[in-house]
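Asks: Provide a 3D model corresponding to the input given below.
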Amino acid sequence: MRVYFDNAATTPIDKEVLKEMYLVMENHFGNPSSIHAYGREVRTIIEKARKTISGLLNTSPSQIFFTSGGTEADNTAIRSGIIDHGITHAITSPIEHHAVVHTLQDMEKTGAIKLSFLEVDSKGNVNLEQLEDLLKTNKRSFVSLMQANNEIGTITDIEKVGEICEKYDAIFHCDTVQTLGHYRHDLSKLKVHFMVCAAHKLHGPKGIGFLYVNHNIKIKPMIFGGSQERNMRGGTENVYGIVGLAKAMQMAYQNMDDHQHYIQGLKTYMMDQLISIIPDIQFNGETDPEKSLYTVLSVSFPETEMAEMLLFNLDIAGISASGGSACSSGTDIGSHVLYGIKAHPNRPAVRFSFSKFNTTGEIDFVISKIKNLFLVRV
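Replies: Here you go, the predicted structure:
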């Protein structure tokens, strides 16, 4: 038996999404930039998908731009948002995704910006009082904070962040890769300039996502080559991916409340089971359901001589999970998120992340293997 608990890295594609993509692959091959009938029918398909997504987010289709995924969307928002608006100061936290932190650090190295990092507490909550203090003393800053941390699940109140940014005329970019399709967003009310999505985080295909750009802010493209995406991203559109993204979003919104209740139940069940077999277990990040991403559970096990081999042994036992961020898996580099919240360096950490396809039976399987692999050695 093999079970998959690494859904924060990527989710299995839903069969209904695959079916929708296949219909387009089979019947519509035209280039959407072509003016003939074949091209026009594919252009219509793309715009229908854009309208579906914008409707779910309560915004206009003109503010949705398709990208290759979350990383490209983050990079576009950050680089274009800063350069095109003459920004010289940016604010972020040390536990953001590398698509954000590394991009901002690279811009700082070139002398384009001065970069400030907000303090985070042991649960991964950012210091919003410090944010306001920095905005008071730095004119027209660029703020980049994620809604939910991809490693520990702690949620940031982006409504409050947006209000603070508006008060000081700051540009607000929010990495929402882990939350779009899992929570509802009303972009007609949310005070944010940029948001991002990656379809493979919500049972859609890899290689497709989008960038939301508020109509009150104008940026130039980061990728040139053609007039696609209303001159915002050169290159022939990933038509099948766009169709899959729209279908995945539509399905996520149709069943969001049920999925949230079900998956939160799985997370709570696993926490209870882990506590029952290892009283000294620790959970990284917020554990309050109102403050924590219901799809992510970061677990720190007691110190043991098998710490460095824990993920490997879990994999051998048939359990797919990750150690912190999936982007650091398979390397010797420790998690910058766990380091940022000052987690105990000698306690091995595992991130279990859930989806609608997981079951309590799979969790029981994980618990039985942890008993065999870990508990006897504590």
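
Asks: what ranges does the stretch 101-250 of the chain have for its helices?
Replies: 128-137, 158-167, 228-231, 239-254 (DSSP state H, counting those that start in this stretch).

Asks: okay, these in TSV with mean pLDDT, mean neighbour count and distance to Val100 next?
Replies: From N, CA and C alone the C-beta is placed, and that goes for glycine too. Compiled in TSV, the helices of the stretch 101-250 of the chain are given as follows (pLDDT from 0 to 100; neighbours: other CB atoms under 10 Å; distance: least, CB to CB, whole Å):
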stretch	mean pLDDT	mean neighbour count	distance to Val100
helix 128-137	98	15	15
helix 158-167	98	17	14
helix 228-231	94	15	22
helix 239-254	98	23	21
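
Asks: let's have those in JSON lines, adding distance to Asn27.
Replies: Compiled in JSON lines, those are given as follows (distance: least, CB to CB, whole Å):
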{"stretch": "helix 128-137", "distance to Asn27": "50"}
{"stretch": "helix 158-167", "distance to Asn27": "40"}
{"stretch": "helix 228-231", "distance to Asn27": "22"}
{"stretch": "helix 239-254", "distance to Asn27": "11"}
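
Asks: quick one: closest of those helices to Ser62.
Replies: Closest to Ser62 of these is helix 228-231 (CB to CB; 7.3 Å).

Asks: after the least confident helix or strand in the chain by mean pLDDT comes which helix or strand?
Replies: Within the chain, judged by mean pLDDT, DSSP states H and E, the helix or strand with the poorest mean is helix 310-316; its value is a mean of 91. On the C-terminal side of helix 310-316, the nearest following helix or strand under DSSP states H and E is strand 319-320.

Asks: what strands line up against that following strand, and which way round?
Replies: The strands beside strand 319-320 in its sheet (DSSP bridges) come out as strand 3-4 (parallel).

Asks: where does this structure dip in pLDDT?
Replies: 305-308, 324-333, 374-378 (pLDDT under 70).

Asks: now do the strands in it.
Replies: 3-4, 64-67, 89-92, 114-117, 142-144, 171-174, 194-198, 209-213, 282-284, 296-300, 319-320, 349-353 (DSSP state E).

Asks: what comes into contact with the second one?
Replies: The contact list for strand 64-67, computed with CB atoms under 8 Å, 6 or more residues apart in numbering, reads 46, 50, 53-54, 57, 73, 76, 196, 208-213, 229-230, 232-233, 237-238, 242, 245.

Asks: hmm, try it at 7 Å
Replies: If you take CB atoms under 7 Å, 6 or more residues apart in numbering as the criterion, strand 64-67 is touched by 50, 53-54, 73, 76, 208-213, 229, 232-233, 237, 242.

Asks: cool, thanks, talk later.
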